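Chemist: predicted structure and sequence below. I'll ask about it afterward.
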Amino acid sequence: MDPIPAALAGVALSAFVSATLLPGNSEIALGAFVHAWPAWMWSAWLVATLANGAGSLVSYGMGRMVPPRPLPARTAQAFRRFGPSVLFLAWVPFIGDALPLAAGWLRLPWLSSAVWILLGKGVRYFVLIRLVEAWQ
């Protein structure tokens, strides 16, 4: 039995959970997968990026369900100044989980929010894969 589909599912689950407020270890899961199956690195990159992005979009959707209220001044200023592009930073530890939630709460456009989220997460996982390659 081929272990790759199950391992990719594990990467996906880890990446999805890591994008929520729950603790996750998507970098470890992706790094271990790429180390074990380097020929599958781009499939793993795509799976991790899409699953992590989907987790952030769930947070975005949860934010849309909350009645709009004023955000803290610094957060509101950042969203006003940069718009959905601030979601490129949705991968950053600590603040990254809150950014999609705030974007939904502020009713930022869904499609541009999704694009910026996926772009940031894709870049982060690309750098991680390159680091794993360099380490091998």
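Modeler: Sure thing, it's come through.
Chemist: what sits against residue 107?
Modeler: Going by CB atoms under 8 Å, 6 or more residues apart in numbering, residue 107 touches 64, 68. For the C-beta atoms, the positions are set from N, CA and C on the backbone; glycine is no exception.
Chemist: give the rounded mean pLDDT of the strand or helix carrying residue 5.
Modeler: Assessed by DSSP states H and E, residue 5 sits inside helix 4-18. The average pLDDT for helix 4-18 rounds to 96.
Chemist: what about the helices in this protein?
Modeler: Taking DSSP state H as the test, the helices found in the chain are 4-18, 26-36, 41-65, 73-82, 95-105, 110-135.
Chemist: helices and strands around the last one, which ones?
Modeler: Counting by 3 or more CB pairs under 8 Å, 6 or more residues apart in numbering; DSSP states H and E, the packing neighbours recorded for helix 110-135 are helix 26-36, helix 41-65, helix 95-105.
Chemist: out of those, flag the one nearest residue 13.
Modeler: helix 41-65 (7.4 Å; CB to CB).
Chemist: helices and strands around the closest one, which ones?
Modeler: helix 4-18, helix 26-36, helix 95-105, helix 110-135.
Chemist: dump those helices to TSV, plus distance to residue 58.
Modeler: Listed next are these as TSV, based on distance: least, CB to CB, whole Å:
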stretch	distance to residue 58
helix 4-18	8
helix 26-36	15
helix 95-105	8
helix 110-135	11
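Chemist: that concludes my questions; thank you for your assistance.
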